[in-house]
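>>> Predicted model and sequence follow; I will ask about them next.
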Protein chains: 2
Amino acid sequence: MAVRKNYNLSPSMEDYLEAILNVADPSGIARSRDIAATLEVAKPSVTGALRQLAKKGLVNYKPYGCVTLTTSGAVLAMKVAKKHDIIKSFLTEILGVDGPAAQDAACKAEHLLDVSIVSKMSHFTNFAKTRAKKGEDIMHLLKRFSAAGRAGK
Amino acid sequence: MAVRKNYNLSPSMEDYLEAILNVADPSGIARSRDIAATLEVAKPSVTGALRQLAKKGLVNYKPYGCVTLTTSGAVLAMKVAKKHDIIKSFLTEILGVDGPAAQDAACKAEHLLDVSIVSKMSHFTNFAKTRAKKGEDIMHLLKRFSAAGRAGK
DNA sequence: TAATAAAGTTAGGTGAACCTAACAATGGCT
DNA sequence: AGCCATTGTTAGGTTCACCTAACTTTATTA
């Protein structure tokens, strides 16, 4: 059985991991300035975050060297990214939230919704889409809901 | 038209407002120690929060006096509480999340989901329940979803 | 009414996550 | 090789939301 380690990452540190994953070039190398740009923080904040993450064994980091995720770091980063995608899809496809708003909400919610809830969202989205393909009416109803929801009130 | 004021409340301050609403006695008076107990913080943290909220005109506060919400404070507190309820209902009734987990998630999400999304959740929940009453099958499908979701994976 | 328990405050301190200003290293270009 | 812009780091500071320890006020009650 795999070793389970509790890294106790703050939302902020999860954001850094996710950003590294997103800005890394094909060989997995991330630039500090790109991380800073993505997260809209100043450069010294990135340096500080990288040192914390390195201490936890989640990134390979040496001052002025190139930054990569360790295996554990990549696993965690991908978990966060996956949560993000699931939440965003759920919000757009089920609740009818528009793209930017869903993106925004997903960025925040990914850090606080635990796996069991996100997993349910994933199932819900997949379930609804599958039923729709089989000609069942759930998506039709959902669409009518969305239209009404968008209208306001 | 009503005056719109941006109080720029942190999640933490919203928690204090909500706690005051929840622990207030029938005459609206809240005790500092009950607020501390509800939020699981030390007493001096409550004093500090009350002074901040008083400065913003959201609570009536004098050292050693009794604490009540102002009208604006009550409005905001009720908004937060309402968000909380909507999110919790959505999670339990639509996604099939169990009570304690839903409660927990709602406590965190209430501070970061904006009104438009929470409003969609509310509509969704009401819509599903209404359809169910009219004998339409959405709830049946949702229940089957929930059962599958609860089973795991 | 005086002692005492409970409730609330002040003082001072911590850690997280930021910031700016100034300095150091790196890499490309002539 | 040497210059210089870019990138990254240090140093030092701010704000927020907490904390503990010690003190004050209020309420109880003997």
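That came through, no problem. Since the model is a prediction, treat every value here as computed from it, not as a measurement. Numbers count the residues shown, from 1 in each chain, chains lettered A, B, ... in the order given.

>>> contacts and neighbour counts: CA atoms only from here.
Fine.

>>> what mean pLDDT does stretch A:30-47 have?
Mean pLDDT, stretch A:30-47: 98.

>>> can you check stretch A:118-125 too?
On average, the pLDDT along stretch A:118-125 is 91.

>>> gap between it and the chain center?
Distance of stretch A:118-125 from the chain centroid (Cα atoms, centre = their mean, to the nearest Å) equals 15 Å.

>>> can you tell if it touches chain B?
Yes. Using Cα under 8 Å from any Cα of the partner chain, stretch A:118-125 reaches chain B at A:Ser119, A:Lys120, A:Met121, A:His123, A:Phe124.

>>> Stretch A:90-104 now?
Yes. Stretch A:90-104 reaches chain B (Cα under 8 Å from any Cα) through A:Leu95, A:Gly96, A:Val97.

>>> State the pLDDT value of the first one.
Put plainly, it is A:Leu95. The model's pLDDT for A:Leu95 equals 89.

>>> got a list of what it touches?
A:Leu95 sits next to A:Ser146, B:Ile117, B:Lys120, B:Met121, B:Phe124 when contact means Cα atoms under 8 Å, 6 or more residues apart in numbering or on different chains.

>>> for these, which one is nearest DNA strand C?
Nearest to DNA strand C among the contacts of A:Leu95: B:Ile117, at 23.8 Å, using Cα to the nearest atom of the strand.

>>> and chain A, what are its domains?
According to automatic domain parsing, chain A comprises the domains A:11-69, A:81-151.

>>> and those, which one is worst for confidence?
Mean pLDDT is lowest for domain A:81-151 among the domains of chain A, at a mean of 81.

>>> Could you tell me which ones among the residues of stretch A:118-125 next to chain B also sit near DNA strand D?
Applying Cα under 7 Å from any atom of the strand to the residues of stretch A:118-125 next to chain B, one finds that nothing falls near DNA strand D.

>>> So which residues of chain A form strands?
Along chain A, counting by DSSP state E, strands occupy A:59-60, A:68-69.
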